[in-house]
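Peer 1: Turn this into a model:
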Amino acid sequence: HLLIAHLPALSPSSTHPPRPNLLDAFSRFIRPKNEHHSQSPTVTFAIMIGFAAGMEMADMAWEVKCREEDMKQRALENERHAIDDARRAVDEKAQQLQVLANQSALFAGFSMVVLVESSIPPDVDPILLTVFGGVAACVIALMLISSLNSTYMLVAILRYDCVNRDVPFDEFWRKRCEPDWKLALRAFSYGVPLFMVVVALVSWLSFWESDARIYAATIVTVVALVATIFWFGSTERKWTGFLMTTEARVVTRGTSFAQRPSTGSKSPSEVGESEKRNGKGKRDADDDED
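Peer 2: This is a model prediction of the structure:
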């Protein structure tokens, strides 16, 4: 319209028709050539420039609209990914708590059955009987603490809102659940060797009236002792510390090390990168010589 407005106006006495608007000019411009209607070349050129500018503006508006829709779609996809990540974290912790609660309840039930169903001879040593009752009660108490803490934490994380996420799940777990998780895991790790002590003591009570009680009870005691040594030397040493940490760690046999390599040593990825850099530098030197 600005280009058309700067064109020289036609005089009223002219025989040419008045200056057409953009739509009429465009419609006349696309008419077949056999019609008896003519227009100025300057007006035609201005109409073409205006039409091209309009098309360019329309393309820009379309690109802006597509970009806005793309940003909305990306924001929606990011929100879906965040919800899926929160649900995946909740499911992972829920499975861990469920396993710990079930195993603790199983050990507590076995200890209760041993304490209640054991046949105690009347002439048993009172010291042996007292130690047996105390150790069995400790096993039941520790396993109940582990089971109940795990159950309450399981109910708590299942109530976590994965959609709104007012607090990130990692922060929620670290502040609300991690101390109880460590307590439950520590109680379970203490209850397992005490359960083996209960097995050794109940063998002496069961074989007390037998003539071969010394041999039979000694064999059971040795087996329980070996299992306890294996628990402290391998299983508890290898896994308890790892399960109580929140950051990812690389576990080897007997010890655990952080993923970051120590000073003076290089990880395999760093060694590969250094080899690539050395090879690239060597190729550049060969190119320079050529």
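Peer 1: Please make it C-alpha for all contacts and neighbour counts, starting now.
Peer 2: Fine.
Peer 1: So, low pLDDT: which residues of the stretch 1-150 of the chain?
Peer 2: Along the stretch 1-150 of the chain, segments meeting pLDDT under 70 span 1-40, 43.
Peer 1: isn't residue 107 right next to residue 142, touching?
Peer 2: No: look at residue 107 against residue 142 with CA atoms under 8 Å: they stay out of range, at 9.7 Å.
Peer 1: Quickly list what's touching both of these two.
Peer 2: Between them, residue 107 and residue 142 share no contacting residue under CA atoms under 8 Å, 6 or more residues apart in numbering.
Peer 1: What helices and strands are in contact with the helix or strand residue 242 falls within?
Peer 2: When elements are defined using DSSP states H and E, residue 242 is found to belong to helix 241-244. If you count contacts as 3 or more CA pairs under 8 Å, 6 or more residues apart in numbering; DSSP states H and E, helix 241-244 packs onto helix 178-206.
Peer 1: any idea of the mean pLDDT for the helix it packs on?
Peer 2: The average of the pLDDT scores along helix 178-206 is 93.
Peer 1: Check which helices and strands the next helix or strand after it sits against.
Peer 2: Once the chain leaves helix 178-206, the next helix or strand it forms, by DSSP H and E, is helix 213-230. On a contact count with 3+ CA pairs under 8 Å, 6+ apart, helix 213-230 meets helix 178-206.
Peer 1: and the angle from the helix it packs on to helix 213-230?
Peer 2: 160 degrees (axes from the mean of the first three to the mean of the last three CA atoms, to 10 degrees).
Peer 1: What residues sit buried inside helix 178-206?
Peer 2: 178, 180-206 (16 or more other CA atoms under 10 Å).
Peer 1: for that helix, the distance to its chain's centre please.
Peer 2: In terms of CA atoms, centre = their mean, to the nearest Å, the centre of helix 178-206 is found 32 Å from the chain centre.
Peer 1: same deal with stretch 81-91?
Peer 2: Per CA atoms, centre = their mean, the centroid offset for stretch 81-91 relative to its chain is 7 Å.
Peer 1: for stretch 150-161, same thing?
Peer 2: 17 Å.
Peer 1: Then stretch 149-167?
Peer 2: For stretch 149-167, the distance to the chain centre is 15 Å (CA atoms, centre = their mean).
Peer 1: One more: stretch 69-86?
Peer 2: 16 Å.
Peer 1: Could you pull out the buried residues of it?
Peer 2: So stretch 69-86, judged by 16+ other CA under 10 Å, has buried residues 83, 86.
Peer 1: Over to stretch 219-239?
Peer 2: 220-221, 224-225, 228, 231, 236-238.
Peer 1: Which of these sits closest to residue 212?
Peer 2: Comparing the buried residues of stretch 219-239 against residue 212 with CA to CA places residue 220 closest, at 12.6 Å.
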